[in-house]
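1. model this:
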Amino acid sequence: MKLIKALAGAALFACLLAPVALAETIVKITLIDKMGNGDLSKPLGLGMGMNADMAQAKMGIAANPKSALPGMVRFDVTNLASGLVHEVQVARINDEAQVLPYDQSRNKVDLEGLQTLGAVSEIMPNKSASLILDLAPGKYLLFCNVAGHYMAGMWTVIDVK
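-> Residues are numbered from 1 along each chain as shown. Sure thing, here's the model as predicted:
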């Protein structure tokens, strides 16, 4: 009888720990830069919802996978740029067709009009950083808001479902 109780206790303990081990989704984020120190003083018009030809993008963010389960999501971010510092902002959006508020004078997304949830700032070239957020179901924009980078195509959307 003691053996059965011990086994039942161990099984219960394992069942309680299993959700904790599976609770965090890991999304690998790669920051891509095809232009080096090129001129980003004028917006290139490659922002979300602008129906631009993204094949012309000079920068980008790749997410793998592009979907996550609701709950704790860890973003492991790697900056593959050879010489530029990047960042990743995470914002909840309604859909991928919306155009973000943009401050032309600063050449940046106006964060006041967004529901931003967190960021990894100042990721040096060839370095990595992580961010953990508790995400509800919905769409999330990941973008770099260093001057000129967002409009150069440095954004992607992931689904949490």
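2. contacts and neighbour counts: CA atoms only from here.
-> Noted.
3. Give me the spatial nearest neighbour of the residue nearest the centre of the chain, chain neighbours excluded.
-> Nearest to the geometric centre of the chain sits Leu142, at 3.7 Å (C-alpha atoms, centre = their mean). Leaving aside its sequence neighbours, Leu142 sits nearest to Val90 (C-alpha to C-alpha, 6 or more residues apart in numbering; 4.8 Å).
4. quick one: contacts of the helix or strand encompassing the residue nearest to the centre of the chain?
-> In the assignment (DSSP states H and E), Leu142 maps to strand 138-143. For strand 138-143, the surrounding residues in contact (C-alpha atoms under 8 Å, 6 or more residues apart in numbering) are 61, 87-95, 150, 154-161.
5. are any of the residues you listed buried, and which?
-> Buried by 16 or more other C-alpha atoms under 10 Å: 61, 87-93, 150, 154-160, out of the contacts of strand 138-143.
6. Of those, which is the nearest to Glu24?
-> Val160 (12.4 Å; C-alpha to C-alpha).
7. ok, the closest one touching Leu135?
-> Yes: Val160 lies in contact with Leu135 (C-alpha atoms under 8 Å); the separation is 7.2 Å.
8. Which residues are in contact with each of those two?
-> Common neighbours of Val160 and Leu135 (criterion: C-alpha under 8 Å, 6+ apart): Pro70.
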